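Engineer: From the sequence below, what's the structure:
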Amino acid sequence: MFACWGTGLGMSDNSDLRHDEQADEAVQAVVDRVLSWQAGAPEETVLAELQAGLREIGADMPADWLAHTVKRISHADPAQQE
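Structural biologist: Sure thing, here's the model as predicted:
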């Protein structure tokens, strides 16, 4: 199950995106890279970057995971990067 994002104060430290239980190490590296560069970007941009990264590593993630991750990155607070 995905962790709820946010601290209850309307902000997130984005840590839930950096510790996804469904993603193996290579997939998590793709998510981290896209989050670092595309946090807060339009969903279309985030989707394209995630798909490109997954193709690079030869990974295939379920459509629901991809849609949920795209939405989370697109709505992530770019100021809360590690």
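
Engineer: Give the next helix or strand downstream of the helix or strand harbouring Ser36.
Structural biologist: Under the criterion of DSSP states H and E, Ser36 resides in helix 25-38. Going down the chain from helix 25-38, the next helix or strand is helix 43-57, by DSSP H and E.

Engineer: Could you list every helix and strand in contact with that next one?
Structural biologist: If contacts are counted by 3 or more CB pairs under 8 Å, 6 or more residues apart in numbering; DSSP states H and E, helix 43-57 sits against helix 25-38, helix 63-74. C-beta here means a position set from N, CA and C on the backbone, and glycine is covered the same way.

Engineer: helices or strands next to the first one in the packing?
Structural biologist: Counting contacts by 3+ CB pairs under 8 Å, 6+ apart, helix 25-38 is packed against helix 15-18, helix 43-57, helix 63-74.

Engineer: With respect to Val30, which of those helices lies nearest?
Structural biologist: Checking these against Val30 by CB to CB gives helix 43-57 as the closest, at 3.6 Å.

Engineer: Tell me the buried residues in that closest one?
Structural biologist: 45-47, 49-50, 53-54 (16 or more other CB atoms under 10 Å).

Engineer: before we move on, back to that, only alpha carbons, please: show the helix holding Ser36 as CSV.
Structural biologist: What follows is helix 25-38, C-alpha atoms only, in CSV (Å, rounded to 0.1, in the frame of the first residue of the first chain):
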residue,chain,number,x,y,z
GLU,A,25,16.5,-0.7,-6.7
ALA,A,26,16.7,0.1,-10.4
VAL,A,27,13.1,1.3,-10.7
GLN,A,28,13.6,3.4,-7.5
ALA,A,29,16.7,5.0,-9.1
VAL,A,30,14.5,6.0,-12.1
VAL,A,31,11.8,7.4,-9.7
ASP,A,32,14.5,9.3,-7.7
ARG,A,33,16.0,10.8,-10.9
VAL,A,34,12.6,11.9,-12.3
LEU,A,35,11.6,13.3,-8.9
SER,A,36,14.8,15.3,-8.7
TRP,A,37,14.3,16.9,-12.1
GLN,A,38,10.6,16.9,-12.6
